[in-house]
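J.: Prediction below, plus the sequence it came from.
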Amino acid sequence: MSATVTGALAGAVLAFAGLIFGFWGFLLVALLMGIGATVGRMLSGELDVRALAGVFTGRRTSS
């Protein structure tokens, strides 16, 4: 699935959540989508959590 299709689907899900559940439901769905995407990237090996933690604690640079 291309990034364009994925973005369109995410936008559609958030739009429906906003219409059906209101503002707080929209925020909850957006938060859970972000958490799910992060966990998915960690499990697939595309996101190195130790390196990311090192950047935020000042032990390493992002470059």
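T.: It's in. Residues are numbered from 1 along each chain as shown.
J.: hey, let's count contacts and neighbours off CA atoms from now on
T.: Fine.
J.: any idea how far G34 is from the nearest residue to V49 once chain neighbours are set aside?
T.: Nearest residue to V49, sequence neighbours excluded (CA to CA, 6 or more residues apart in numbering): M42, at 7.2 Å. Separation of M42 from G34 (CA to CA, to the nearest Å): 12 Å.
J.: State the number of residues packed around G11.
T.: If you count neighbours by other CA atoms under 10 Å, G11 ends up with 13.
J.: Could you check the pLDDT of it?
T.: Here, the pLDDT recorded for G11 equals 91.
J.: Which other helices and strands does the top helix by length along the chain contact?
T.: In the chain, taking DSSP state H as the definition, the longest helix is helix 3-44. Packed against helix 3-44, as judged by 3 or more CA pairs under 8 Å, 6 or more residues apart in numbering; DSSP states H and E, are no other helices or strands.
J.: Using CSV, write down the CA coordinates of the helix or strand just after that helix.
T.: Remark: after helix 3-44, the chain's next helix or strand is helix 49-57, criterion DSSP states H and E. C-alpha atoms of helix 49-57 as CSV (Å, rounded to 0.1, in the frame of the first residue of the first chain):
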residue,chain,number,x,y,z
VAL,A,49,14.0,2.5,20.3
ARG,A,50,17.4,2.6,22.0
ALA,A,51,18.8,5.0,19.5
LEU,A,52,15.7,7.2,19.8
ALA,A,53,16.0,7.2,23.6
GLY,A,54,19.7,8.2,23.2
VAL,A,55,18.7,11.2,21.1
PHE,A,56,16.2,12.4,23.7
THR,A,57,18.5,11.9,26.7
